[in-house]
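Peer 1: turn this into a structure:
(one chain, ligands or ions: 1)
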Amino acid sequence: MRLYNYFRSSASFRVRIALALKGLDYEYASVHLLKGGGEQFAAEFTAMNPAALVPVLDDDGVLLTQSLAIIEYLDETRPQPPLLPNDAAGRARTRAIALAIACEIHPLNNLRVLGYLSKTLSVSEEQRNAWYRHWVETGLTTVEGMLVGNDRTGACCHGDTPTLADICLVPQIFNAQRFNARLDHVPTVMRIHQHCLTLPAFAKSVPALQPDAE
Ligand SMILES: N[C@@H](CCC(=O)N[C@@H](CS)C(=O)NCC(=O)O)C(=O)O
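Peer 2: Numbers count the residues shown, from 1 in each chain. All right, here's what the predicted structure looks like:
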């Protein structure tokens, strides 16, 4: 397996965690999102993913895009340990938390969105960072509300073992910390984040430990 990814990319980080939880080895193929205007725009890369976004997973010739689709594919093809609960209601809750991050927060703070604000709309750095923090802080307030006081929340977002929800939560917090977003208003989110980082699959997947880390 080969994972086309970038150390700082949250969506890539999600797939690295899933691969590590499954105990799967893979070749790390770095796609630098800034160098030379962005290697994601190279023809060889857009032939694999017309969206020009990392990650892409090549599983023996099967090319996969979209981190959540990749993770569900891994869960279906290598079922142990499962990354989704075994009951329909649990799966729906886990996916809802994951999507609250992957659909409602992450797209608004993606590199190309921030770049459009700065370069095309001439928004100042201060305004761009205010945009970033607003959507992350608001989105994480929602996630906190989904977790706190719910009896299915455990050491992890759903129970005591990591699921798709934790796989989305941890990279989003790294991203938020990089932009100095407020996090003191989401104590349950932060408790789960800290717990996950004690688990080897999460700890080894962090940006700073990747081969292309700067
Ligand atoms: N929904 C996609 C998002 C992928 C995505 O946004 N990737 C970012 C890095 S986290 C990227 O490649 N950005 C490049 C750019 O904005 O030009 C997924 O989950 O895979």
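Peer 1: from H158, how far out is L147?
Peer 2: According to C-beta to C-beta, to the nearest Å, L147 stands 9 Å off from H158. All C-beta atoms are positioned from the backbone trio N, CA, C, and that covers glycine.
Peer 1: ah, wrong one, I meant P85
Peer 2: The gap separating P85 from H158 is 6 Å, by C-beta to C-beta.
Peer 1: for the two, indicate the residue with more neighbours.
Peer 2: Neighbour totals were compared for P85 and H158, and H158 leads with 25 against 20 (other C-beta atoms under 10 Å).
Peer 1: wait, what's in contact with the more buried one?
Peer 2: Contacts for H158 (C-beta atoms under 8 Å, 6 or more residues apart in numbering) come out as P85, G90, R93, T94, I97, R152, A165.
Peer 1: at 6 Å instead, please
Peer 2: By C-beta atoms under 6 Å, 6 or more residues apart in numbering, the contact list for H158 reads P85, T94, R152, A165.
Peer 1: need the residues touching each of P85 and H158.
Peer 2: Between them, P85 and H158 share the neighbouring residues T94, with contact defined by C-beta under 6 Å, 6+ apart.
Peer 1: re earlier: of the contacts of H158, select the buried ones using a PyMOL command.
Peer 2: Below is the selection syntax for PyMOL that covers the buried ones among the contacts of H158, with 16 or more other C-beta atoms under 10 Å defining burial:
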select buried, resi 85+94+165
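Peer 1: domain parsing for this protein?
Peer 2: Residue ranges for the domains of the chain, per automatic domain parsing: 2-81, 88-202.
Peer 1: now P200: closest residue in space, sequence neighbours ignored.
Peer 2: Using C-beta to C-beta, 6 or more residues apart in numbering and skipping residues adjacent in sequence, the residue nearest P200 is A20, 7.3 Å away.
Peer 1: right, I mislabeled it, should have said R178
Peer 2: With C-beta to C-beta, 6+ apart as the criterion, R178 has its nearest non-adjacent residue at 7.8 Å, and that residue is R8.
Peer 1: what is the burial count for the one you found?
Peer 2: Other residues near R8 come to 21 when the count uses other C-beta under 10 Å.
Peer 1: what's in contact with the lowest-mean-pLDDT helix or strand in the chain?
Peer 2: Lowest by mean pLDDT, DSSP states H and E among the helices and strands of the chain is helix 111-115, with a mean of 94. Residues from elsewhere that reach helix 111-115, judged by C-beta under 6 Å, 6+ apart: L33, R128.
Peer 1: how about the CA coordinates for it, as CSV?
Peer 2: Output of helix 111-115 as CSV, limited to C-alpha atoms (Å, rounded to 0.1, in the frame of the first residue of the first chain):
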residue,chain,number,x,y,z
LEU,A,111,-5.4,25.5,2.6
ARG,A,112,-7.2,26.4,-0.6
VAL,A,113,-10.0,28.2,1.2
LEU,A,114,-7.6,30.2,3.4
GLY,A,115,-5.6,30.9,0.2
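Peer 1: good, wrapping up.
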